[in-house]
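Next come a sequence and a model predicted from it.
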Amino acid sequence: MLDPISNLETLKESLSKYDLKAKKALGQNFLLDTDFTDKIALASAPFDGCVIEIGPGPGGLTRSILLHGAKKVIAIEKDPRAISFLEELKDAAKPRLKIKQADALTQTVWTFGSKPRQIIANLPYNVATPLLILWLKHINAFDKLTLMFQKEVAERIVARPGYNNFGRLSVLTNWLTDSEILFEVPASAFTPRPKVTSAVIQFLPRKKPLYDCTMKHLEIVTQIAFNQRRKMLRASFKQFGGSEMLSSLGIDPQLRPQELSIQNFCKLANHLGNHIDEATV
Ligand code: SAM
(Lines give C-alpha, C1' and ligand atoms only; values in the text may rest on other atoms or scores of the structure.)
Protein backbone atom coordinates (compact mmCIF):
# COMPACT_ATOMS: atom_id res chain seq x y z
CA MET A 1 0.00 0.00 0.00
CA LEU A 2 1.29 3.45 -0.90
CA ASP A 3 2.32 5.57 2.09
CA PRO A 4 -0.21 8.48 2.37
CA ILE A 5 2.79 10.83 2.50
CA SER A 6 3.59 9.88 -1.12
CA ASN A 7 0.09 11.08 -2.11
CA LEU A 8 0.66 14.61 -0.85
CA GLU A 9 1.32 17.23 -3.49
CA THR A 10 4.98 18.09 -3.96
CA LEU A 11 6.46 20.70 -1.65
CA LYS A 12 7.05 23.03 -4.58
CA GLU A 13 3.33 22.83 -5.44
CA SER A 14 2.27 23.45 -1.83
CA LEU A 15 4.73 26.30 -1.35
CA SER A 16 3.37 28.07 -4.42
CA LYS A 17 -0.09 28.15 -2.76
CA TYR A 18 0.73 28.99 0.85
CA ASP A 19 2.53 31.99 2.23
CA LEU A 20 5.77 30.57 3.58
CA LYS A 21 8.20 33.09 2.20
CA ALA A 22 11.63 32.30 3.63
CA LYS A 23 12.75 34.58 6.47
CA LYS A 24 16.44 35.34 6.67
CA ALA A 25 16.29 36.01 10.41
CA LEU A 26 15.20 32.41 10.94
CA GLY A 27 17.97 31.00 8.73
CA GLN A 28 15.35 29.70 6.31
CA ASN A 29 16.89 28.05 3.27
CA PHE A 30 14.57 25.20 2.46
CA LEU A 31 15.92 21.94 1.10
CA LEU A 32 13.40 20.94 -1.55
CA ASP A 33 15.65 18.62 -3.57
CA THR A 34 14.47 15.14 -2.60
CA ASP A 35 17.74 13.54 -3.76
CA PHE A 36 19.43 15.30 -0.84
CA THR A 37 16.65 14.91 1.75
CA ASP A 38 16.60 11.18 0.93
CA LYS A 39 20.39 11.01 1.19
CA ILE A 40 20.28 12.54 4.69
CA ALA A 41 17.46 10.19 5.73
CA LEU A 42 19.32 7.14 4.42
CA ALA A 43 22.50 8.20 6.23
CA SER A 44 20.50 8.45 9.47
CA ALA A 45 18.79 5.04 9.17
CA PRO A 46 18.05 2.64 10.79
CA PHE A 47 15.27 4.41 12.69
CA ASP A 48 14.98 2.16 15.73
CA GLY A 49 13.76 4.79 18.15
CA CYS A 50 12.87 8.43 18.34
CA VAL A 51 13.98 11.03 15.81
CA ILE A 52 14.13 14.66 16.87
CA GLU A 53 14.13 17.06 13.95
CA ILE A 54 15.04 20.69 14.55
CA GLY A 55 13.52 23.25 12.23
CA PRO A 56 11.40 21.13 9.86
CA GLY A 57 10.29 24.27 7.95
CA PRO A 58 7.94 23.11 5.17
CA GLY A 59 8.90 19.50 5.93
CA GLY A 60 10.97 18.27 2.98
CA LEU A 61 13.48 16.47 5.17
CA THR A 62 10.68 15.39 7.52
CA ARG A 63 8.91 13.67 4.62
CA SER A 64 12.06 11.75 3.68
CA ILE A 65 12.68 10.67 7.28
CA LEU A 66 9.10 9.39 7.55
CA LEU A 67 9.13 7.72 4.13
CA HIS A 68 12.31 5.89 5.09
CA GLY A 69 10.53 4.27 8.01
CA ALA A 70 10.89 6.49 11.11
CA LYS A 71 8.27 5.41 13.63
CA LYS A 72 8.40 8.45 15.85
CA VAL A 73 9.48 11.96 14.85
CA ILE A 74 9.34 14.95 17.18
CA ALA A 75 9.87 18.17 15.24
CA ILE A 76 10.70 21.49 16.92
CA GLU A 77 9.97 24.58 14.82
CA LYS A 78 10.07 28.23 15.82
CA ASP A 79 8.08 29.68 12.92
CA PRO A 80 4.28 29.48 13.49
CA ARG A 81 3.68 29.72 9.72
CA ALA A 82 5.59 26.45 9.22
CA ILE A 83 3.55 24.78 11.98
CA SER A 84 0.33 25.47 10.01
CA PHE A 85 1.99 24.41 6.78
CA LEU A 86 2.97 21.05 8.34
CA GLU A 87 -0.62 20.14 9.34
CA GLU A 88 -1.21 18.13 6.16
CA LEU A 89 1.98 16.13 6.62
CA LYS A 90 1.11 15.51 10.26
CA ASP A 91 -2.28 14.10 9.19
CA ALA A 92 -0.77 11.91 6.49
CA ALA A 93 1.85 10.58 8.89
CA LYS A 94 -0.51 10.03 11.82
CA PRO A 95 0.48 9.10 14.57
CA ARG A 96 4.19 9.16 13.79
CA LEU A 97 4.83 12.92 13.68
CA LYS A 98 4.57 15.32 16.63
CA ILE A 99 5.27 19.00 16.11
CA LYS A 100 6.12 21.48 18.80
CA GLN A 101 6.36 25.22 18.27
CA ALA A 102 9.38 26.37 20.26
CA ASP A 103 12.86 27.82 20.12
CA ALA A 104 15.15 24.78 20.03
CA LEU A 105 17.68 26.64 22.19
CA THR A 106 15.25 26.44 25.12
CA GLN A 107 14.30 22.79 24.63
CA THR A 108 15.69 19.85 26.63
CA VAL A 109 15.56 17.61 23.58
CA TRP A 110 17.82 15.09 25.33
CA THR A 111 14.79 14.15 27.47
CA PHE A 112 12.32 13.86 24.56
CA GLY A 113 10.93 10.43 23.64
CA SER A 114 13.07 7.52 24.73
CA LYS A 115 16.35 5.93 23.71
CA PRO A 116 17.55 5.15 21.10
CA ARG A 117 17.24 8.81 20.24
CA GLN A 118 18.79 10.75 17.38
CA ILE A 119 18.74 14.31 16.07
CA ILE A 120 18.49 15.09 12.37
CA ALA A 121 18.52 18.69 11.17
CA ASN A 122 19.22 21.08 8.40
CA LEU A 123 20.17 23.65 11.03
CA PRO A 124 19.38 27.35 10.85
CA TYR A 125 22.88 28.77 10.36
CA ASN A 126 22.50 31.54 12.93
CA VAL A 127 21.99 29.13 15.85
CA ALA A 128 23.79 26.01 14.60
CA THR A 129 26.88 26.36 16.81
CA PRO A 130 25.11 27.14 20.13
CA LEU A 131 22.73 24.23 19.45
CA LEU A 132 25.62 21.85 18.84
CA ILE A 133 27.38 22.96 22.06
CA LEU A 134 24.13 22.51 24.01
CA TRP A 135 23.64 18.97 22.69
CA LEU A 136 27.29 18.03 23.25
CA LYS A 137 26.68 18.72 26.94
CA HIS A 138 24.09 15.91 26.92
CA ILE A 139 25.70 13.73 24.28
CA ASN A 140 25.08 10.45 26.09
CA ALA A 141 21.34 10.88 25.60
CA PHE A 142 21.81 10.41 21.85
CA ASP A 143 22.84 7.52 19.61
CA LYS A 144 23.54 9.67 16.59
CA LEU A 145 23.33 13.24 15.32
CA THR A 146 23.16 13.99 11.59
CA LEU A 147 23.38 17.73 11.06
CA MET A 148 23.85 20.14 8.20
CA PHE A 149 26.10 23.19 8.60
CA GLN A 150 27.75 25.74 6.35
CA LYS A 151 30.68 23.88 4.78
CA GLU A 152 33.34 26.08 6.44
CA VAL A 153 31.75 25.57 9.87
CA ALA A 154 31.54 21.81 9.24
CA GLU A 155 35.22 21.71 8.31
CA ARG A 156 36.10 23.55 11.52
CA ILE A 157 34.04 21.15 13.61
CA VAL A 158 35.78 18.03 12.31
CA ALA A 159 39.26 19.63 12.04
CA ARG A 160 42.22 17.86 13.62
CA PRO A 161 45.13 19.43 15.56
CA GLY A 162 47.78 20.90 13.30
CA TYR A 163 45.29 22.42 10.86
CA ASN A 164 44.56 26.15 10.75
CA ASN A 165 40.83 25.67 11.22
CA PHE A 166 41.26 23.53 14.36
CA GLY A 167 39.44 25.39 17.14
CA ARG A 168 37.35 25.24 20.26
CA LEU A 169 34.45 23.41 18.70
CA SER A 170 36.80 20.84 17.11
CA VAL A 171 38.31 20.02 20.51
CA LEU A 172 34.95 19.56 22.23
CA THR A 173 33.43 17.61 19.33
CA ASN A 174 36.38 15.26 18.86
CA TRP A 175 36.69 14.72 22.58
CA LEU A 176 33.07 13.52 22.82
CA THR A 177 32.21 12.09 19.41
CA ASP A 178 33.51 10.30 16.39
CA SER A 179 32.47 12.70 13.65
CA GLU A 180 32.87 12.94 9.90
CA ILE A 181 31.59 14.96 6.98
CA LEU A 182 29.38 12.61 4.97
CA PHE A 183 28.78 14.79 1.92
CA GLU A 184 28.41 18.35 0.69
CA VAL A 185 25.15 19.92 -0.44
CA PRO A 186 25.39 22.58 -3.17
CA ALA A 187 23.64 25.94 -2.80
CA SER A 188 21.47 25.04 -5.80
CA ALA A 189 19.65 22.39 -3.72
CA PHE A 190 18.07 25.10 -1.51
CA THR A 191 15.28 27.62 -1.91
CA PRO A 192 16.17 30.44 -1.61
CA ARG A 193 19.68 29.71 -2.74
CA PRO A 194 22.26 30.58 -0.03
CA LYS A 195 25.65 32.11 -0.85
CA VAL A 196 27.55 29.15 0.60
CA THR A 197 27.91 25.40 0.18
CA SER A 198 26.66 23.20 3.02
CA ALA A 199 27.91 19.91 4.44
CA VAL A 200 26.32 17.14 6.48
CA ILE A 201 28.20 15.82 9.51
CA GLN A 202 27.36 12.65 11.36
CA PHE A 203 28.34 12.54 15.04
CA LEU A 204 28.55 9.20 16.83
CA PRO A 205 28.90 9.75 20.58
CA ARG A 206 31.88 7.98 22.15
CA LYS A 207 31.09 5.57 24.99
CA LYS A 208 33.27 7.82 27.11
CA PRO A 209 35.23 10.97 26.27
CA LEU A 210 38.69 10.44 24.75
CA TYR A 211 40.47 11.59 27.96
CA ASP A 212 39.28 12.30 31.49
CA CYS A 213 38.44 15.91 32.37
CA THR A 214 35.30 17.96 32.90
CA MET A 215 33.48 19.69 30.05
CA LYS A 216 33.42 22.89 32.08
CA HIS A 217 37.21 22.99 32.48
CA LEU A 218 37.81 21.98 28.87
CA GLU A 219 35.48 24.73 27.67
CA ILE A 220 37.31 27.35 29.71
CA VAL A 221 40.80 26.19 28.75
CA THR A 222 39.89 26.13 25.04
CA GLN A 223 38.33 29.56 25.40
CA ILE A 224 41.51 30.99 26.91
CA ALA A 225 43.70 29.31 24.29
CA PHE A 226 41.66 30.13 21.20
CA ASN A 227 40.66 33.66 22.21
CA GLN A 228 44.14 34.63 21.08
CA ARG A 229 44.79 31.97 18.46
CA ARG A 230 47.85 33.71 17.01
CA LYS A 231 49.58 33.87 20.38
CA MET A 232 51.79 31.15 21.81
CA LEU A 233 50.32 29.22 24.70
CA ARG A 234 52.89 30.69 27.11
CA ALA A 235 51.37 34.13 26.51
CA SER A 236 47.73 33.07 26.70
CA PHE A 237 48.30 31.14 29.93
CA LYS A 238 50.64 33.75 31.49
CA GLN A 239 48.36 34.36 34.46
CA PHE A 240 48.42 30.62 35.25
CA GLY A 241 52.23 30.25 35.24
CA GLY A 242 52.97 30.52 31.49
CA SER A 243 56.07 28.67 30.23
CA GLU A 244 56.94 27.07 33.54
CA MET A 245 53.48 25.62 34.11
CA LEU A 246 53.24 24.33 30.51
CA SER A 247 56.72 22.76 30.59
CA SER A 248 55.89 21.01 33.86
CA LEU A 249 53.03 19.30 32.00
CA GLY A 250 55.31 18.34 29.10
CA ILE A 251 53.69 20.90 26.78
CA ASP A 252 55.87 23.04 24.52
CA PRO A 253 55.11 26.66 25.63
CA GLN A 254 55.81 27.93 22.13
CA LEU A 255 52.96 26.02 20.55
CA ARG A 256 49.94 27.88 19.25
CA PRO A 257 46.53 26.55 20.29
CA GLN A 258 45.76 24.95 16.92
CA GLU A 259 48.90 22.79 17.35
CA LEU A 260 47.95 21.34 20.73
CA SER A 261 46.58 17.78 20.89
CA ILE A 262 43.23 17.01 22.52
CA GLN A 263 45.10 14.93 25.10
CA ASN A 264 47.15 17.99 26.09
CA PHE A 265 44.07 20.22 26.20
CA CYS A 266 42.60 17.73 28.68
CA LYS A 267 45.85 17.71 30.67
CA LEU A 268 45.68 21.50 30.90
CA ALA A 269 42.00 21.38 31.87
CA ASN A 270 42.75 18.97 34.72
CA HIS A 271 45.78 20.90 35.91
CA LEU A 272 44.13 24.31 35.84
CA GLY A 273 40.73 23.10 37.04
CA ASN A 274 41.04 24.44 40.56
CA HIS A 275 42.55 27.78 39.54
CA ILE A 276 39.87 28.18 36.90
CA ASP A 277 37.09 27.62 39.41
CA GLU A 278 38.46 30.48 41.50
CA ALA A 279 39.52 32.86 38.73
CA THR A 280 37.24 34.99 36.65
CA VAL A 281 37.95 34.32 33.01
N1 SAM B 1 14.34 21.45 7.59
C2 SAM B 1 13.88 22.38 6.60
C3 SAM B 1 14.51 22.03 5.28
O4 SAM B 1 15.49 21.27 5.28
O5 SAM B 1 14.03 22.54 4.26
C6 SAM B 1 14.19 23.83 6.96
C7 SAM B 1 15.63 24.13 7.26
S8 SAM B 1 15.96 25.83 7.48
C9 SAM B 1 17.69 25.86 7.14
C10 SAM B 1 15.97 26.03 9.25
C11 SAM B 1 14.64 25.89 9.94
O12 SAM B 1 14.82 26.08 11.35
C13 SAM B 1 13.58 26.88 9.52
O14 SAM B 1 12.37 26.23 9.31
C15 SAM B 1 13.47 27.86 10.70
O16 SAM B 1 12.19 28.44 10.84
C17 SAM B 1 13.81 26.95 11.85
N18 SAM B 1 14.39 27.65 13.01
C19 SAM B 1 15.16 28.75 13.02
N20 SAM B 1 15.55 29.06 14.27
C21 SAM B 1 15.01 28.10 15.07
C22 SAM B 1 15.03 27.86 16.47
N23 SAM B 1 15.74 28.66 17.29
N24 SAM B 1 14.36 26.80 16.96
C25 SAM B 1 13.64 25.99 16.13
N26 SAM B 1 13.58 26.16 14.80
C27 SAM B 1 14.25 27.20 14.27
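Perfect, thanks for sending it. Please read these numbers as outputs of a predicted model, since none were measured by experiment.

give me the low-pLDDT residue ranges for this structure?
Within the chain, the set of residues satisfying pLDDT under 70 comprises 1, 278-281.

Excluding chain neighbours, what is closest to the closest residue to the ligand within it?
The chain approaches the ligand most closely through Gly55 (2.1 Å), counting by C-beta to the nearest ligand atom. (C-beta placed from N, C-alpha, C; glycine too.) Counting by C-beta to C-beta, 6 or more residues apart in numbering, Pro124 is the residue found nearest to Gly55 once chain neighbours are left out, at 5.5 Å.

Can you verify Thr146 is assigned to a strand?
Yes: Thr146: assigned to a strand according to DSSP: H, G, I helix; E, B strand; the rest coil.

residues contacting it?
Contact criterion C-beta atoms under 8 Å, 6 or more residues apart in numbering gives 40, 43-44, 118-121, 182, 200-203 as the residues in contact with Thr146.

Repeat the analysis, applying 10 Å as the threshold.
Residues near Thr146 by C-beta atoms under 10 Å, 6 or more residues apart in numbering: 40-41, 43-45, 51, 65, 118-122, 182, 200-204.

same thing with Ala22?
In this structure, Ala22 makes contact with 15, 28-30, 57-58, 79, 190-192, judged by C-beta under 10 Å, 6+ apart.

May I have the beta-bridge partners of Leu147?
For Leu147, the beta-bridge partners under DSSP bridges are Ala121, Ile201.

on that earlier part again, which of the contacts of Ala22 count as buried?
15, 28-30, 57-58, 79, 190-191 (16 or more other C-beta atoms under 10 Å).

now for those, which pair is the farthest apart?
Using C-beta to C-beta, these reach their maximum pairwise distance at Asp79 and Phe190, which is 16.2 Å.

Check what contacts the strand or helix carrying Ala128 and list those residues.
Element membership of Ala128, judged by DSSP states H and E, is helix 128-136. Helix 128-136 is contacted by residues 27, 52, 54-55, 104-110, 119, 121-124, 127, 141-142, 145, 147-150, 153-154, 156-157, 168-169, 172-173, 175-177, 201, 203, 205, 215, 219 when judged by C-beta under 10 Å, 6+ apart.

One more pass at 7 Å, please.
Around helix 128-136, the neighbours that count as contacts under C-beta atoms under 7 Å, 6 or more residues apart in numbering are 54, 104-105, 119, 123, 145, 149, 153, 169, 172-173, 176.

Of the residues you listed, which belong to strands?
Those of the contacts of helix 128-136 mapping onto strands are 54, 119, 145, 149, per DSSP state E.

So which of the residues you listed is surrounded by the most neighbours?
If you count neighbours using other C-beta atoms under 10 Å, the busiest of those is Ile119, which has 28 neighbours.
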